[in-house]
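>>> need a structure here:
(4 chains)
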Number of protein chains: 2
Amino acid sequence: MGKGEATRERILEIAEAAVLAKGFGATSIDEVIAEAGLTKSGFFYHFKDKNALAREMLRRYVATNDHLFDEIFARGRQLSDDPLQAFLISLKLLAETMADLPNGHPGCLIASICYQERLFDREVRELTAQSVRDWNARFRKILDGIAAVYPPKEPVDLDDVADMLSCIVDGAIIMSKTLNDPSRLERQILLFRSFVKLTFTPN
Amino acid sequence: MGKGEATRERILEIAEAAVLAKGFGATSIDEVIAEAGLTKSGFFYHFKDKNALAREMLRRYVATNDHLFDEIFARGRQLSDDPLQAFLISLKLLAETMADLPNGHPGCLIASICYQERLFDREVRELTAQSVRDWNARFRKILDGIAAVYPPKEPVDLDDVADMLSCIVDGAIIMSKTLNDPSRLERQILLFRSFVKLTFTPN
DNA sequence: CCAAAACTGTACTCACGGTACGGATTCTCC
DNA sequence: GGAGAATCCGTACCGTGAGTACAGTTTTGG
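Numbering: from 1, shown residues only, chains lettered A, B, ... in the order given. Next comes the predicted model:
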């Protein structure tokens, strides 16, 4: 890794924390470069403008999350051959992972960008939309595997159930931050787990 | 209503739409006053700074939502004496109401503020937290009434179930906006309804 | 009609995003 | 070890938006 790449990474890390804490619009380049220890010229050497910064932040965030999901859901399948059990295990792991974050979940970049959409260009907005679609598709695939073995009791749309996980996580992060109570996120994921259990477990 | 009050109301309405569309930080006073048809001096006559604007916007938003909830859940109780049925009816009404918004739900001010917390003073943040607590308490009370008649099958924490509704609505709004698909909000509320039905309906 | 309320106008300040560009390091590779 | 590219600094500048100050003007309601 070249020196430039290391600087880029440092900028992205600092910027992400700042954006999640106070929003993109309120995050000044001046404060980011102050913390990163470089000048304005240095910053604009790496990113042509704030939108370029947003794009790279987003790519970084999505990649990190994808990797996390890969791990968690692979581990679930590894611990049980039954697709339902594997998913329930993974959800438990997900809840634990979220709960273990020291100061609570820092926030969801997609949600943060969502409420400031006009600030970003089409490419950034398309990136957020695509990542949400990908996550939903991932969950949907898992649910398909479960429904093939355990037909759901209540007639539910599996696409909606897949969406629900993202919705709950995003919503619970907001509630955790608003009420300053990190535990809510974990509890909401476990409640979603109860829902899945209740829906697919045969009587 | 004096003329000043009417102007205040007009400013708040314009500002709310702008904030939900692009975030508080990106909403300029200049554009708000241009649309409202008054000068900067006129604006600062009504609000001493942007934080005062945020406070009043929030009060307005919370009051509107409270009123909407009052109506919807009163209507549910009115249509059925059974607490579970009443809640299920109300959730259906809520889903319909959200779906009927012409351009999709404009967004949740609490969520919008949540991701820009550092921009606001303690009073604004306390206002958001209190309104979330109030909504959760409202739902919790309804769930208590249901659980008294229909003990839940899966052992769930009623506080968490109450939280879940807010989480899902907030999360679904984000997904709706991100994917530019207003229908997701309605479907998520109906899915929560399925969850409630599944949890409390006796076999 | 008169005083208070509801504005207007002008003229500032300060912070921030962004541009421009020349120069100085520092790294990399031959 | 030298050359060229990558990385970064310094400085000066522009436009926009938040906010202040304050004197003056219109509008409203009793």
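>>> contacts for stretch A:100-113?
Around stretch A:100-113, the neighbours that count as contacts under CB atoms under 8 Å, 6 or more residues apart in numbering or on different chains are A:16-17, A:19-21, A:23-24, A:54, A:57-58, A:61, A:98, A:120, A:124-125, A:128, A:131-132, A:169-170, A:173-174, A:176-177, A:182, A:185, B:111, B:115, B:174, B:178. Any C-beta I mention is one placed from the backbone N, CA and C, and that applies to glycine too.
>>> identify each buried residue in the helix or strand harbouring residue A:9, please.
Using DSSP states H and E, the secondary-structure element containing residue A:9 is helix A:3-22. By neighbour count on 16 or more other CB atoms under 10 Å in any protein chain shown, the buried set for helix A:3-22 is A:7, A:8, A:11, A:12, A:14, A:15, A:16, A:18, A:19, A:20, A:21, A:22.
>>> ok, so of those residues, who is nearest chain B?
The closest of those to chain B turns out to be residue A:22 (CB to the nearest CB; 3.5 Å).
>>> that closest one reaches residue B:116, doesn't it?
Yes. Applying CB atoms under 8 Å, one finds residue A:22 in contact with residue B:116, separated by 5.6 Å.
>>> give me the common contacts of these two.
Where contact means CB under 8 Å, 6+ apart, no residue is in contact with each of residue A:22 and residue B:116.
>>> separation between residue A:154 and DNA strand D?
When CB to the nearest atom of the strand, to the nearest Å is the yardstick, residue A:154 and DNA strand D sit 48 Å from each other.
>>> can you list the residues of chain A near DNA strand D?
A:2-5, A:7, A:37-42, A:45-46 (CB under 7 Å from any atom of the strand).
>>> dump the buried residues of helix A:3-22 into CSV; add pLDDT and distance to residue A:199 as well.
Listed next are the buried residues of helix A:3-22 as CSV, based on pLDDT from 0 to 100; distance: CB to CB, whole Å:
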residue, pLDDT, distance to residue A:199
A:7, 95, 49
A:8, 96, 44
A:11, 96, 44
A:12, 96, 39
A:14, 96, 42
A:15, 95, 40
A:16, 93, 35
A:18, 90, 40
A:19, 89, 36
A:20, 85, 33
A:21, 81, 37
A:22, 80, 39
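>>> taking these, tell me the two that lie furthest apart.
Considering CB to CB, no two members of the buried residues of helix A:3-22 lie farther apart than A:7 and A:22, which are separated by 22.9 Å.
>>> quick one: the least confident helix or strand in chain A by mean pLDDT to chain centroid distance?
Across the helices and strands of chain A, mean pLDDT, DSSP states H and E gives its lowest value to helix A:109-114, namely a mean of 89. Per CA atoms, centre = their mean, to the nearest Å, the displacement of helix A:109-114 from the mean C-alpha position of its chain is 10 Å.
>>> ditto for stretch A:57-70
For stretch A:57-70, the separation from the chain centroid amounts to 7 Å (computed by CA atoms, centre = their mean).
>>> so which bits of it are buried?
Within stretch A:57-70, the residues that qualify as buried by neighbour count (16+ other CB under 10 Å) are A:57, A:58, A:60, A:61, A:62, A:65, A:69.
>>> just give the nearest non-adjacent residue to the fourth one, would you?
In space, not counting the residues next to it along the chain, residue A:61 is nearest to residue A:109; the distance is 4.4 Å by CB to CB, 6 or more residues apart in numbering or on different chains.
>>> try the last one
With sequence-adjacent residues excluded and distances taken as CB to CB, 6+ apart, residue A:69 is closest to residue A:138, at 6.6 Å.
>>> what's the end-to-end length of stretch A:33-44?
Distance between the two ends of stretch A:33-44: 10 Å, counting by CA to CA, to the nearest Å.
>>> now check that stretch, is it near chain B?
No. For a cut-off given as CB under 8 Å from any CB of the partner chain, stretch A:33-44 has no contacts with chain B; the smallest distance is 14.6 Å.
>>> equivalent analysis for stretch A:3-16, please.
No. Judged by CB under 8 Å from any CB, stretch A:3-16 stays clear of chain B, getting no closer than 12.7 Å.
>>> show me what the helix ranked longest in chain A is packed against.
The single longest helix within chain A, with elements called by DSSP state H, is helix A:50-79. Contact partners of helix A:50-79 among helices and strands, from 3 or more CB pairs under 8 Å, 6 or more residues apart in numbering or on different chains; DSSP states H and E: helix A:3-22, helix A:83-99, helix A:109-114, helix A:122-149.
>>> shaky segments in chain A?
The model of chain A has pLDDT under 70 over residues A:1, A:117-118.
>>> picking that back up, from the buried residues of stretch A:57-70, which is closest to residue B:191?
residue A:69 (21.1 Å).
>>> from DNA strand C, how far out is the closest one?
Using CB to the nearest atom of the strand, one obtains 31 Å as the distance from residue A:69 to DNA strand C.
>>> residue A:137 is in contact with that residue, correct?
No. With contact defined as CB under 8 Å, residue A:69 and residue A:137 do not form a contacting pair (11.6 Å).
>>> quick check: which element contains residue A:104?
Taking DSSP H and E as the criterion, residue A:104 maps to no regular element, lying outside all helices and strands.
>>> what is the neighbour count of it?
Using other CB atoms under 10 Å in any protein chain shown, residue A:104 is surrounded by 18 other residues.
>>> coming back round to it: could you identify the helix or strand that succeeds the helix holding residue A:9?
Following the chain from helix A:3-22 toward its C-terminal end, the next helix or strand by DSSP H and E is helix A:29-36.
>>> mind listing what's buried along that following helix?
Taking 16+ other CB under 10 Å as the neighbour-count basis, helix A:29-36 is seen to contain the buried residues A:29, A:32, A:33, A:36.
>>> what's the spacing between the closest residue to residue A:55 other than its chain neighbours and residue A:114?
The shortest distance from residue A:55 to any non-neighbouring residue, by CB to CB, 6+ apart, is to residue A:124 (5.6 Å). Between residue A:124 and residue A:114 the computed distance is 11 Å (CB to CB, to the nearest Å).
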